[in-house]
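[1] Take a look and give me a structure for this.
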Amino acid sequence: MRPSAPPPSRLSGLIGFHLRRVSAQSLVELESALMDLDLRTIHFAVLAAIESSPGGKQREIAAEAKMRPANLVPLLDQLEKRGLVRRSEDGSDRRLVRFSLTAAGQDMLVELDRRVRLHEERFFAAFDEKEREALIAMMRRIGQS
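    Residues are numbered from 1 along each chain as shown. As a prediction, this is how the structure comes out:
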């Protein structure tokens, strides 16, 4: 008589557990790929959000980067100090501040994008293009619910 197989782990069938585990692994590897630039993935998200909304206000950039405006302030300060982001007062309301990328910020964004895409190619090498598109579509559906 063969011994029975052990019961499956309570975690093995949980989608959220696997999403978190894979996300954490991807983040660790990507952060390592950016370490020499002294930037993190969140900086990439902020720079990309500013590029998508040039001259945007803090709330617009935060919405594009999918983060709270209050969490954005220290990141904008860091990026401005590095000469990657420029602040300017709004012409019609001096209380409003608008943000744009400097030339150095645009160059850095190109390099960050190159590294992020290289990481994704390696990390998701087991998936073909259609599977990657399907995975992104599923993640977007989850994010909208």
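
[2] A helix includes Val11, no?
    For residue 11 the amino acid is Leu, not Val. No: Leu11 is assigned coil when assessed by DSSP: H, G, I helix; E, B strand; the rest coil, not a helix.

[3] And the helices in this protein?
    15-34, 41-52, 58-65, 69-81, 103-123, 129-144 (DSSP state H).

[4] nearest to Leu96, of those?
    Smallest distance to Leu96 across those (C-beta to C-beta): 8.7 Å, for helix 58-65. Bear in mind the C-beta positions are built from the backbone N, C-alpha and C, glycine included.

[5] for the closest one, which positions count as buried?
    By neighbour count on 16 or more other C-beta atoms under 10 Å, the buried set for helix 58-65 is 58, 60-65.

[6] wait, which of these is closest to Val85?
    Nearest member of the buried residues of helix 58-65 to Val85, counting by C-beta to C-beta, is Ile61, at 9.6 Å.

[7] Please name the nearest non-neighbouring residue to that closest one.
    Computed as C-beta to C-beta, 6 or more residues apart in numbering, the closest residue to Ile61 that is not its neighbour in sequence is Ala49, at 4.7 Å.

[8] Quick check: that neighbour vs Phe17, distance?
    Ala49 sits 29 Å away from Phe17, taking C-beta to C-beta, to the nearest Å as the criterion.

[9] So those two - more neighbours on which side?
    More crowded of Ala49 and Phe17, by other C-beta atoms under 10 Å: Ala49, with 20 against 13.

[10] Find me the pLDDT at that one, would you?
    Ala49 is assigned a pLDDT of 97 by the prediction.

[11] That one against Glu64, yeah?
    Yes: Ala49 is in contact with Glu64 according to C-beta atoms under 8 Å; the separation is 3.7 Å.

[12] so what's in contact with the two at the same time?
    Residues touching both Ala49 and Glu64 by C-beta atoms under 8 Å, 6 or more residues apart in numbering: Gly56.
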